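> Quick check, what structure comes out for this input:
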Amino acid sequence: MSGLRYAGRRLAELIAVLFTLSLVTFGLVYLAGGDPARSLVGARKATPELLASIRQAYHLDEPIWQQYGRWIGDLLHGDLGESVRTGLPVGQMIADRAAVTTELSVLALAMAVVVGLPLGVVAAKRQGTALDRTITGLAVAGLSAPSFAVGLLALYLLAVLAGWFPVYGLGSGGVADRLWHLVLPAGTLALGLLASIVKVSRAALLREINADYTAFARARGLGRLAVTGAQLQNAALPIATTTGLLLASLVSGTVLVEATFSLGGVGTLLQESVTFKDVPVVQAITLGLGAIICVTSALVDTLAGVIDPRLRVRRSARFEVAA
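Sure thing, here's the model as predicted:
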């Protein structure tokens, strides 16, 4: 299968997934059962006048397929609706919070890669030693530790007791002060990512260490750094793929961390909107996070298939078997 055809197939799959995601997200207003207008009232008192205005504003008297068509049409034109809690445009509310979530996610990913990749390489090079077992054990612990529990522990030990980091918020200073306020929550968020990168990079490098070309390179007298460089180059694809997928899930993982450290990002907005039953905001954030995960996963998968033709062949074979 050619790279262009493979990319086209992945694009078609992505469109199908996004369509399904939009149906599920649109259905949030009906999941509570009963009158959808009551779900859109939120935490306010549901008076007959308010319910009537909600039905008129959201065209709830139309067939459901027509409501979906109107909703998806507005969505494609950038209109995410209005918040039932504040009356503000949903797009504006999300845009005001998006910078915090983006900064937190990028910083957490950078910390995870900078620390996790070298640890994975060291563990693979020291396979079977006490150092390898220690790094692997810590990685397993990092994967199993809930982010909110790690955040609370780090907050108590490093911010409250030691006083090394700010307790909450983003500060009121410049870039350096804002970055300092993000270090602890980003480190909390990076722990699980770091553990995943350690395990994936260790496993990928071990395959290259045990490959035939490694023994051949050593037999020819190549230096240790040259051999390690070649191994890392061949192991780069699974590591890069995993990192891309982690970036996709990272954005949705900020919800609990933002709430723990009172950062006021998109995750906090989602928590507030769920609490106050602000359905349009919940719909928009849910669809946005889901779209980010789907698009990033598709891009990573497509890039991997373009780089390594063997993946395209395997995927094509699975499709033919399924057909």
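> Run a quick neighbour tally on R207.
Here the number of neighbours of R207 (other Cβ atoms under 10 Å) works out to 14. Every residue, glycine included, has its C-beta placed from N, CA and C.
> residue contacts, it?
By Cβ atoms under 8 Å, 6 or more residues apart in numbering, the contact list for R207 reads A235.
> State the helix or strand in which it lies.
Following DSSP states H and E, one finds R207 within helix 175-209.
> Likewise for L104?
Per DSSP H and E: helix 90-125 holds L104.
> Same question for that helix: list its buried residues.
For helix 90-125, burial by neighbour count (16 or more other Cβ atoms under 10 Å) applies to 90, 93-94, 97, 100-101, 103-105, 107-109, 111-113, 115-117, 119-125.
> Could I get the pLDDT score of the closest residue in space to P146 that isn't next to it in sequence?
Spatial nearest neighbour of P146, chain neighbours left out: L256 (8.0 Å); criterion: Cβ to Cβ, 6 or more residues apart in numbering. On pLDDT, L256 comes in at 76.
> L256 contacts V150, doesn't it?
No. Applying Cβ atoms under 8 Å, one finds L256 not in contact with V150, separated by 9.9 Å.
> Around A145, count how many other residues there are.
The burial count for A145: 15, using other Cβ under 10 Å.
> Settle this for me: L270 is touching Q283, isn't it.
No. Counting by Cβ under 8 Å, L270 does not reach Q283; the two are 10.7 Å apart.
> Those two: who's more crowded?
Per other Cβ under 10 Å, whichever of L270 and Q283 has more neighbours is L270, with 26 against 22.
> Tell me the pLDDT of V115.
90.
> contacts for whatever helix or strand the residue nearest to P146 lives in?
L256 is located in helix 254-261, with elements delineated by DSSP H and E. Residues outside helix 254-261 that contact it (Cβ under 8 Å, 6+ apart) are 100-101, 104-105, 146-148, 151-152, 155, 168-169, 184-185, 188-189, 263-268, 270-271.
> So T136: helix, strand or coil?
helix (DSSP: H, G, I helix; E, B strand; the rest coil).
> tell me the phi and psi of W164?
phi -80, psi -30 (degrees, to the nearest 10).
> and it, what is it in contact with?
L158.
> Offset the numbering so it begins at 8, please.
With the count now opening at 8, the last piece we talked about shows up as W171.
> and after the helix holding R214, which helix or strand comes next?
Past helix 182-216, the next helix or strand by DSSP H and E is helix 219-226.
> Just checking the distance from that following helix to the centre of its chain.
Here helix 219-226 is found 39 Å from its chain centre; the criterion is Cα atoms, centre = their mean, to the nearest Å.
> for stretch 240-252, same thing?
17 Å.
> Give me the mean pLDDT for that stretch.
Mean predicted lDDT for stretch 240-252 stands at 77.
> Buried residues, it. List them.
N241, A242, P245, I246, T248, T249, T250, G251, L252.
> List the contacts of the closest residue to L257 other than its chain neighbours.
Leaving aside its sequence neighbours, L257 sits nearest to S112 (Cβ to Cβ, 6+ apart; 4.9 Å). Counting by Cβ under 8 Å, 6+ apart, S112 touches L196, L254, L257, V258, T261.
> Likewise for F155?
L263, V264, A266, T267.
> Secondary structure element for it, which one?
F155 belongs to helix 154-161, assigned by DSSP H and E.
> how far off helix 261-268 does that helix point, in degrees?
Angle of helix 154-161 versus helix 261-268, following axes from the mean of the first three to the mean of the last three Cα atoms, to 10 degrees, is 30 degrees.
> Only alpha carbons, please: show helix 154-161 as CSV.
What follows is helix 154-161, C-alpha atoms only, in CSV (Å, rounded to 0.1, in the frame of the first residue of the first chain):
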residue,chain,number,x,y,z
SER,A,154,-2.0,11.9,39.5
PHE,A,155,-4.3,13.5,42.1
ALA,A,156,-2.7,11.6,45.0
VAL,A,157,0.8,12.4,43.7
GLY,A,158,-0.2,16.0,43.4
LEU,A,159,-1.6,16.2,46.9
LEU,A,160,1.5,14.5,48.4
ALA,A,161,3.9,16.8,46.4
